[in-house]
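J.: Next come a sequence and a model predicted from it.
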Amino acid sequence: MEAPSLGGVRVRKGDGETVRLARGASLTDFAEKIGVDAASLVQMLFGLGEMVTATESVNAETLELLGEELNYDVQVVSPEDEDRELLQSFDIDFGEDQGDESDLVVRPPVVTVMGHVDHGKTKLLDALRNANVVDKEAGGITQHIGAYQVAAEVDGNERRITFIDTPGHEAFTAMRARGAQATDIAILVVAADDGVMPQTVEALNHAKAAGVPIVVAVNKIDKPDADPTKVRGQLTEYGLIPEEYGGDSMFVDVSAKSELNLDKLLEAVVLTADASLDLRANPLQDAQGLVVEAHLDRGRGPVATVLVQRGTLRVGDSIVAGPAHGRVRAMLDEHGAEILEAYPSRPAMVLGLSAVPGAGQNFLVVDDDRMARQIAEKREARERAAMQAKRRVRRTLEDFMASMEKGESQELNLILKGDVSGSVEALEDALSQIDVGPDVNLRVLDRGVGAITETNVDLAAASDAIIIGFNVRPQGKAAEMADKEGVEIRYYSIIYQAIDEIEAALKGMLKPEYEESVLGQAEIRAIFRSSKIGNIAGCMVTSGLIRRNAKVRILRDSKVIADTLDLLSLKRERDDASEVREGFECGLVLRNFQDIKEGDVVEAFEMREIPRS
């Protein structure tokens, strides 16, 4: 069959047969599958008004459009199928327990805590594991995913439960959805004084889509205006019917603040797991599981928090995690203590990877380092092609002519850098949802984990991009280079501030009244303890000046660990000082912050008013 002439090109048409293509496939790949010349497909697309080269990664919509024209059913392989086919080529079955029934042993349930922002999810986890995460989170919002294991006593037996802590802000929808897929049971936290809120419904839908049982924790019941009965009534409308109303969902009234009924909540999780799920895994096979979170540590290199789903992970194993590979050099539990083995449902921090894997990617143990490297390289090549196709702005002839007439680009280019991969991914996902009309585009040119480097500044200067630093700062001479090159670097520690400002910039509505001006930096050389005022930092001012009434932040390994702090005192020798300049020593005390270490950097800044033009 001959196709209709498009721009003078005739290509043999198909008979509706299916053509499977990988994400980010090129026109050359498509041409090979259907046995035609790639140049004819390039000409066809040109005839359809789109300019694409033969070797360029093409997005799924373009491939499907071309398939329709040629009467082929084009199917772009999903990332999961793509990875499964890759592993099968190495004779690896991922996602299945090996051996027979006798090899399976009971494993702890993996629980995700979900719910609306400010309903007390993190405080509830804090109470369960007697640690405090909220104080370290900017604005009290959980920005990272963590995994922890706690012990509960049920019917006289100690039972372990693994918790995955998912962030609460709506920008983290993608991460929260992934958390639900890694999970056996979801705890839905609803504040008794607030009731069901939009994110409560969103979290509930994620849990239902993942097909996991739900235990409802009605939190803040010790508040005067708490109404647990109202919460039960509201959730009944969404299909969650409490046991006391004849349903099959367990509701537990708790208070994270006063640690009320926490034992009953853990018991409800264990009982739900026993009643609804067959939680068993084979601990004897090679380990497989999920990367929960990952970041770049200055001293340790790439560090990944993994959740073992089957098998046993041991120090010395050859491992592939997403596009990263390596040998497990050391493993740490959630308290930072070294462990040698991690059994099914056990979270562990793994050291020894070649790169930082993405949160939510799978990991597996393979026979040797060579196989690990081969799988990682193939995964990375496929991921790169898929990202190029995703980033490629669909450029039609009309767009090209219009931009030629305007003589300018209506595009905001961004480079994203963050402290952990989950935050960067969630930020990119949230930014991609911003839609301010057809006249303005947003492009993420690059993203990565770790401090902002000179390479990032180079790319930003060459492509007229803005660098977004999420909980990270510039490394070495990157800040000086950005200043020289005129590259704007914006720093954020709360995700929705970044989203709001970028959306405002896209709409042309950003009219800031103040801008941050860095005054100087001082390095902490010694720490002196005082029973009256706490820790006194002995510092050397390394650049600029430190001013008594300025705000300060603490940097550790180029990462922001505390922001917008006040100085309780600033002294030069034994005298109070209003400011101390570069090259001089000083002693300072931070208000309401004691977690300082030698080598930390104190950065002073102030907000200066910008005159409106």
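T.: In hand now; what should we look at?

J.: Show me the helices in the stretch 201-350 of the chain, by range?
T.: Applying DSSP state H, counting those that start in this stretch to the stretch 201-350 of the chain gives helices spanning 228-236, 262-276.

J.: Output those helices as JSON lines; include the columns distance to T564 and mean pLDDT.
T.: To be clear about C-beta, it is placed using only N, CA and C from the backbone, and glycine gets the same treatment. Below are the helices of the stretch 201-350 of the chain laid out as JSON lines (distance: least, C-beta to C-beta, whole Å; pLDDT from 0 to 100):
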{"stretch": "helix 228-236", "distance to T564": "35", "mean pLDDT": "92"}
{"stretch": "helix 262-276", "distance to T564": "33", "mean pLDDT": "92"}
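
J.: Nearest to A22, out of these?
T.: Closest approach to A22 among the helices of the stretch 201-350 of the chain is made by helix 262-276 (37.5 Å; C-beta to C-beta).

J.: Kindly present the helices of the stretch 201-350 of the chain as a markdown table, with separate columns for mean neighbour count.
T.: Converted to a markdown table, these look like this (neighbours: other C-beta atoms under 10 Å):
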| stretch | mean neighbour count |
| --- | --- |
| helix 228-236 | 18 |
| helix 262-276 | 19 |
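
J.: Those helices into a markdown table, with extra columns for distance to G534?
T.: Shown next, in a markdown table, are those (distance: least, C-beta to C-beta, whole Å):
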| stretch | distance to G534 |
| --- | --- |
| helix 228-236 | 41 |
| helix 262-276 | 31 |
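
J.: check contacts around the residue lying closest to R314 once chain neighbours are set aside.
T.: Distance criterion C-beta to C-beta, 6 or more residues apart in numbering; nearest residue to R314, sequence neighbours excluded, is E341 at 5.3 Å. Remark: with contacts taken as C-beta atoms under 8 Å, 6 or more residues apart in numbering, E341 is in contact with T312, L313, R314, V315, M331.

J.: what number of residues lie near the third one?
T.: Applying other C-beta atoms under 10 Å, we find 15 other residues in the vicinity of R314.

J.: what's the answer for the second one, then?
T.: The burial count assigned to L313 is 26, neighbours taken as other C-beta under 10 Å.

J.: Same question for I499.
T.: For I499, the number of neighbouring residues by other C-beta under 10 Å comes to 19.

J.: Could you list the low-pLDDT ranges of this protein?
T.: Low-confidence regions of the chain, defined here as pLDDT under 70, cover residues 1-14, 130-145, 166-181, 390-410, 436-439, 508-513, 611-613.

J.: can you tell me which helix in it is longest?
T.: helix 369-391 (DSSP state H).

J.: So what sits opposite R608 in the bridge?
T.: With DSSP bridges as the criterion, R608 is bridged to E515.

J.: other SSEs contacting the longest helix of the chain?
T.: Under the contact criterion of 3 or more C-beta pairs under 8 Å, 6 or more residues apart in numbering; DSSP states H and E, helix 369-391 touches helix 79-89, strand 318-321, strand 324-332, strand 441-449.

J.: Tell me which residues are up against the last one.
T.: Right, strand 441-449. So strand 441-449 is contacted by 294-296, 356, 391, 393, 410-421, 424-425, 428, 431-432, 434, 456, 459, 463, 465, 502, 506 (C-beta under 8 Å, 6+ apart).

J.: That strand pairs with which strands?
T.: Strand 441-449 pairs in its sheet with strand 411-418 (parallel), by DSSP bridges.
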